[in-house]
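Trainee: here are the coordinates; sequence isn't available:
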């Protein structure tokens, strides 16, 4: 394994783990009711955003790189009405993050440039780009979760 691959693996794993820790920082203090409540007439609840991140990573990294067989229902990520317990949603999220980190750790020097294609991802032509784009998307939604959590817990 090259030094570059080692550096890329470590950097990606670090970012995904730390973004997951931020999700917990903002979601863990919420009650189940707050987790599913959207204080605005637009956007999503923290719960729906966590479902979305889980689905996104499970599909783009799990199904497309790790070969997990995950079948995505993207629409349900934003419309889930049964509101499963927060603990269950976060457990599945954590399992997904663990899968992502394992998948990153398995990438060899030649894997970063392997062809990549997926629904709704016309610009990700290789695995490196796909993993990078997923990390950026993850970071983007952590910002939403941060904002919503602060709004939901204002005194």
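Mentor: Good, I have the coordinates. From a predicted model like this one, the values you see are computed outputs, not experimental measurements. Numbering: from 1, shown residues only.
Trainee: so how far is residue 18 from the residue nearest in space to the middle of the chain?
Mentor: Centre of the chain computed as the mean C-alpha position; nearest residue by C-alpha atoms, centre = their mean is residue 53, 3.5 Å away. Using C-beta to C-beta, to the nearest Å, residue 53 is found at 14 Å from residue 18. C-beta: built from backbone N, CA, C; applies to glycine.
Trainee: circling back: what about the residue nearest to the centre of the chain, which helix or strand?
Mentor: Using DSSP states H and E, residue 53 falls within helix 46-57.
Trainee: Tell me which other helices or strands the next helix or strand along the chain from that helix touches.
Mentor: Using DSSP H and E, the helix or strand that follows helix 46-57 towards the C-terminus is helix 74-79. Judged by 3 or more C-beta pairs under 8 Å, 6 or more residues apart in numbering; DSSP states H and E, the packing partners of helix 74-79 are helix 46-57.
Trainee: Counting neighbours, show which residues of the helix it packs on come out buried.
Mentor: Buried residues in helix 46-57, counting neighbours by 16 or more other C-beta atoms under 10 Å, are found at 46, 47, 48, 49, 50, 51, 52, 53, 54, 55, 56, 57.
Trainee: which among these gets closest to residue 149?
Mentor: Looking at the buried residues of helix 46-57 and their distance to residue 149, the nearest is residue 46, at 6.3 Å (C-beta to C-beta).
Trainee: and the gap between the residue nearest to the residue nearest to the centre of the chain when sequence neighbours are not counted and residue 52?
Mentor: By the measure of C-beta to C-beta, 6 or more residues apart in numbering, the closest residue to residue 53 outside its immediate chain neighbours is residue 141, 5.7 Å from it. The span separating residue 141 from residue 52 equals 7 Å under the rule C-beta to C-beta.
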